[in-house]
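Trainee: Whatever this is, show me its structure:
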Amino acid sequence: MADPIRDELSVQSKRAVLVSVVLPDDPGGDADPLEELKGLVKTAEVQVVGQLIQKRQDVDPTLCIGRGKLDDLRDLLEQTGAELVIFDNNLSPAQGRNLENELGKMIVDRSEIILDIFATHARTHESRLQVELAQLLYFRPRLKRMWTHLSRESGSGQNKGTGEKQLETDKRLIDQRIVELKRKLEVVEQHRTRMVAQRRNQMQVSLVGYTNAGKSTLMNALTGAGVFAADQLFATLDTRTRSWRLPHWGDVLLSDTVGFIRNLPHHLVASFRSTLEEARHADVLLHVVDASHPQAEDHIRTVMDVLRQIDVKVEHTLLVLNKADAVQDRSLIDVLRANHPDAISVSAKTGLGLDRLARYVADKLSNGYIDAEVESGVGNGRLYAYLNAHAEVHNTEYADSRVIYHCRIPRRFYGGLKDSDDTHVTVVDQGGNGQEH
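Mentor: Numbers count the residues shown, from 1 in each chain. Down below sits the predicted model:
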């Protein structure tokens, strides 16, 4: 069962022709429609020997491309000797099967090449489980085309051919493995949820953004974490968390997450929900954008769409215009800043703007805190434990059987201070005046 799937995913070192069917509502304008796919296949270590682009009002339901372009593609394959055709579009199982029958070549679509890259870059046990699940969910409805050579060996009467028997066996084994993987990932997700919950007494900041926007480089610049960073798509798949010291504030937790991309395979979005748990619970999201990219605005929209799909609250998001040093046309960054006036321009590579970014995050986090004086009986161990877990206590005063804690506490934990009748809370504002509760 597994062998044909591994063969189907083995695209490295193959010669490929790239194909894109461009529709009227596709983003990009005058940009090369195959630019992003070229980056993907480069990351997948595929040799590009030709390309074909067709503009259509809609995709052909049978072949994706039109019959005339199919003949052009057949000629191009013969001229280049390519073994592989990679579509920038997502193909239905029937379209993939029909194209393979027509061309006699291995057909790969956009989702498949992304899955191949994820399979190559997955390092941790969790990411390997997630990628394998996404692969199986993607390939199950496409198994039929893998066994076309066996389906011709049909049996007689009511006997099933070799291909049909193998197909049924494969589907049964895949279904069993999908159930097993989902069960394992539930355990991993429960563990991650507990781990994130244990960090709730610390402020959390998460980096999100389009793939290759420079998130890992930015994390290294801010924390000295030594996270792997490369000029390739999906260089980082696993969430990494490091301590980041903010000036006049203290330490916060900074997490680097997997990058997004347009038309991210829907099975991958579902599989990586637990990986993005930190982003879903972050106090501040730093949305990192490659400001030097001509399609930066499209990248911003793609990331925001995916964040909403996985139920990430985007209200506390700061747009970080990275790679400011690489911007050749200043009008690009001027337009971005006009559209997003609160954005901060930085260069993770040169350090430009990083101090300002740190100050902004510290200010943003301060808005989520309350400075308070909490008075209670000295024997109130429950209050002491609560403050120790969730607040920063600056000073403690004792008077007879009473104690006053001068503290700073996140707003989300403030309500817990009112649970005891013996507790009296005074909120202190920036001017030093107080308001009793």
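Trainee: contacts and neighbour counts: CA atoms only from here.
Mentor: Fine.
Trainee: what sits against Asp251?
Mentor: 243-245 (Cα atoms under 8 Å, 6 or more residues apart in numbering).
Trainee: Toward the C-terminus, what is the element adjacent to the helix or strand in which Lys38 is found?
Mentor: Under the criterion of DSSP states H and E, Lys38 resides in helix 35-43. The helix or strand immediately downstream of helix 35-43 is strand 47-55, counting by DSSP H and E.
Trainee: do you know how far His248 is from Ser206?
Mentor: 20 Å (Cα to Cα, to the nearest Å).
Trainee: Ignore what I typed, I meant Gly368.
Mentor: 16 Å.
Trainee: The two: which has the busier surroundings?
Mentor: Ser206 (27 against 14; other Cα atoms under 10 Å).
Trainee: Wait, Ala44 touches Val11, no?
Mentor: Yes. Using Cα atoms under 8 Å, Ala44 is in contact with Val11, at 7.3 Å.
Trainee: hey, what's in contact with both of those two?
Mentor: Asp116.
Trainee: and Thr317, how many neighbours does it have?
Mentor: Thr317: 20 neighbours (other Cα under 10 Å).
Trainee: Next up, phi/psi of it, please.
Mentor: phi -110, psi 130 (degrees, to the nearest 10).
Trainee: show me where the stretch 201-350 of the chain has helices.
Mentor: Taking DSSP state H, counting those that start in this stretch, the helices of the stretch 201-350 of the chain run over residues 215-223, 266-271, 277-281, 296-309, 330-339.
Trainee: What's the mean pLDDT across the shortest one?
Mentor: Helix 277-281 shows a mean pLDDT of 74.
Trainee: Only the C-alpha atoms, please, for it, written as PDB.
Mentor: Below are the C-alpha coordinates for helix 277-281, written out as PDB (Å, rounded to 0.1, in the frame of the first residue of the first chain):
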ATOM      1  CA  GLU A 277      -1.900  26.600  19.200                       C
ATOM      2  CA  GLU A 278       0.600  29.300  20.400                       C
ATOM      3  CA  ALA A 279      -0.700  31.700  17.800                       C
ATOM      4  CA  ARG A 280      -4.300  31.100  18.900                       C
ATOM      5  CA  HIS A 281      -3.500  32.000  22.500                       C
END
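Trainee: could you say what helices and strands that helix packs with?
Mentor: helix 162-198, strand 204-209 (3 or more Cα pairs under 8 Å, 6 or more residues apart in numbering; DSSP states H and E).
Trainee: quick one: it to chain centroid distance?
Mentor: Distance, stretch centre to chain centre, for helix 277-281: 11 Å (Cα atoms, centre = their mean, to the nearest Å).
Trainee: Would you mind listing the outside residues contacting it?
Mentor: Residues contacting helix 277-281 (Cα under 8 Å, 6+ apart): 192-193, 196, 204-208, 255, 257, 285, 311-313.
Trainee: Check pLDDT for those residues and point me to the minimum.
Mentor: Scoring those by pLDDT puts Val196 last, at 67.
Trainee: ok, now which ones touch Tyr138?
Mentor: His267.
Trainee: In terms of helices and strands, where is it?
Mentor: Here Tyr138 is assigned to helix 125-139, by DSSP H and E.
Trainee: likewise Ile114?
Mentor: helix 110-121.
Trainee: Tell me the buried residues in stretch 412-430?
Mentor: 413-414, 417, 424-428 (16 or more other Cα atoms under 10 Å).
Trainee: Also stretch 43-61?
Mentor: 43-44, 46-53, 59.
Trainee: From those, pick the one nearest Leu77.
Mentor: The shortest gap between Leu77 and any of the buried residues of stretch 43-61 belongs to Gly50, at 8.2 Å (Cα to Cα).
Trainee: Helix, strand, or coil at the closest residue to the closest one other than its chain neighbours?
Mentor: Ranked by Cα to Cα, 6 or more residues apart in numbering and with sequence neighbours excluded, the top spatial neighbour of Gly50 is Val17, at 4.6 Å. For Val17, the assignment made with DSSP: H, G, I helix; E, B strand; the rest coil gives strand.
Trainee: I'd assumed Gln79 was in contact with Val17.
Mentor: No. The criterion here is Cα under 8 Å, and Val17 misses it with Gln79 at 10.8 Å.
Trainee: From the neighbour counts alone, determine which of these two ranks first.
Mentor: Val17 (23 against 11).
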